[in-house]
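K.L.:
Sequence first, then the predicted structure, then my questions.
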Amino acid sequence: MNILCAYNANIDSIFHIDGSELSRMIGELDAGDSTFSVKLQKKLALPPGSISSKSDFLAGLITCMCEGSGAEWMIKDSGVFGWIKQTFIDGSFMRMGGNMGIMSNVLSELGASRVVPNVASLSKLQLSFFSKKSIYHPFEGKLYKSSELETILPKNINSKPELIHFVFDFRKGDVFSFSGQEFTVSRENRFIATYDPLNFQLHMDEEFRKYSLNHVLEMNGAIISGYHMLQDNFAKGSRYKDKLDESLRQLQSWKDIRKDLHIHVEFGHFSANDIALYAFSRLSSVVDRIGMNEDELAMLAGLNGIGPKPILEMDSVAIADAAISLCNDSGLCRMIVHTREFVVSVSCMNDDDPEIIIEAMNFGAGCAAAFACSGELADRNTLLEIASEIPESEFGKKETARLAQHIEDKWNCSTVCGIHDSYQVTIVPTRICDEPVSTVGLGDTISAAIFLRELELSS
């Protein structure tokens, strides 16, 4: 399988934050500013959704830890980014970041033949985090593997900015204190603080643009992400709609050349509701399917008048109904919702082979579980061997059975599938690693693995 990947790759700096460290930090900031606690309380009551101060940063982190939810907030102030970097970089672990960067590595490690990513800031450090198996970079009219390109990059290429995102992992059951109260983390998850002026603008590398147009006939599919990083305004007056529409023209140009090119978009956590709605509605008319987690689905559902609470509680019926409703309203044919406990697919193509979808979703769930337990990508046989020892989610199995009761026309499949509200619906439970090494990139891993396996089985 030959696959194009765009748009966002960066470097993740992963920091495991614990309750005692967070309590100490809050205390130190409060001691240096007598109004800090008051400002933080106000922002916890009304989260700003982006970071322009230290209290904004802590409001995002504390909110995610209290709710057990995941989120990505954009850093809009370079001074705050400098403080976060100075405070956390020494204790962090650096690796490939960005939905597209992670998914391209997953595709490469799992056996894709040629994976060609867009790289907004090409540097030797960024290249060092790409898979060495089948990642190829277009550069000066030729394709190079990452290790080859590292040796020929001109010295001045290192003047480009390193795009570093800070990912704060936290653990279920950890305890921290604030304003005399103790709080307990309800579920493991992560909070991401991002300062990334290039990917914020959905930057398209010119070498990638030219290669994709010239070679799209050789490609089996494209996996796209990064729209969630778009901002409401940019320098020189260019708005998010301009950036997104430019991207859509690129995707449509691929489709014009190769009509059967299968395009998957991974949605992501948007910082602004109007951008999320615009992106979803515009993408739905061009791409083949969109993937998201329950947090992202709940946000979209809430904006469309659908109650988000049962979705966030991972109610499989509510998730399937919301996905179908959003597809109906937007014209999107296929949506995949991956949660911690199960994966749901809804499709307007009732003649899709459900066993291909089931095998692909089980494959993705196994790869993600093995990655969570080991913290490392490996070839598919190694990952599936690890996954075979990881039990299926008990909650996921119950929700799978529960959804079966609501499907009007159940088919005889290896798991639950059938027609519900005129859509083909399929669900599989995930596999749960009790002590994950990292939760970062699990959604990207499961989506990329499902996408690759479906391409293989359908070709």
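P.N.:
Looks like it came in fine.
K.L.:
CA atoms for contacts and neighbours, from now on please.
P.N.:
OK.
K.L.:
isn't residue 239 right next to residue 232, touching?
P.N.:
Yes: using C-alpha atoms under 8 Å, residue 239 is in contact with residue 232, at 6.2 Å.
K.L.:
how about residue 388, what does it touch?
P.N.:
residue 366 (C-alpha atoms under 8 Å, 6 or more residues apart in numbering).
K.L.:
Let me fix that, I meant to ask about residue 346.
P.N.:
Counted by C-alpha under 8 Å, 6+ apart, residue 346 has contacts 320, 323, 324, 334, 335, 336, 423, 424, 425, 426.
K.L.:
Make CSV out of the residues you listed and add secondary structure and neighbour count.
P.N.:
As requested, the contacts of residue 346 are exported to CSV (DSSP: H, G, I helix; E, B strand; the rest coil; neighbours: other C-alpha atoms under 10 Å):
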residue, secondary structure, neighbour count
320, helix, 24
323, helix, 25
324, helix, 26
334, strand, 23
335, strand, 25
336, strand, 25
423, strand, 22
424, strand, 25
425, strand, 29
426, strand, 28
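K.L.:
Under the pLDDT cut-off, which ranges of the protein? List them.
P.N.:
155-161, 233-238 (pLDDT under 70).
K.L.:
Outline the domain layout of it.
P.N.:
Domain segmentation of the chain under automatic domain parsing yields 2-9+99-137+197-458, 11-96+164-194.
K.L.:
Please identify the most buried of these.
P.N.:
Comparing the domains of the chain by mean neighbour count (mean count of other C-alpha atoms under 10 Å), domain 2-9+99-137+197-458 comes out on top with a mean of 20.
K.L.:
circling back: in TSV: the contacts of residue 346, plus distance to residue 354.
P.N.:
TSV is the format used below for the contacts of residue 346 (distance: C-alpha to C-alpha, whole Å):
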residue	distance to residue 354
320	16
323	18
324	17
334	13
335	14
336	14
423	12
424	8
425	9
426	7
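K.L.:
Pick the one among those closest to residue 133.
P.N.:
residue 336 (27.5 Å; C-alpha to C-alpha).
K.L.:
gap between the two ends of stretch 324-342?
P.N.:
This stretch, stretch 324-342, spans 17 Å end to end (C-alpha to C-alpha, to the nearest Å).
K.L.:
ignore the last one, stretch 162-175
P.N.:
Distance between the two ends of stretch 162-175: 34 Å, counting by C-alpha to C-alpha.
K.L.:
who touches that stretch?
P.N.:
Here stretch 162-175 has contacts from 10-20, 61, 65, 68, 97, 121, 123, 125-126, 182-196, 438-440, using C-alpha under 8 Å, 6+ apart.
K.L.:
List of residues touching the helix or strand where residue 447 lies?
P.N.:
In this structure, residue 447 sits in helix 442-458 according to DSSP states H and E. Residues outside helix 442-458 that contact it (C-alpha under 8 Å, 6+ apart): 1, 99-100, 102-104, 106-107, 110, 112, 220-221, 223, 264, 266, 291-293, 338, 356-357, 359-361, 363-365, 367-369, 371-372.
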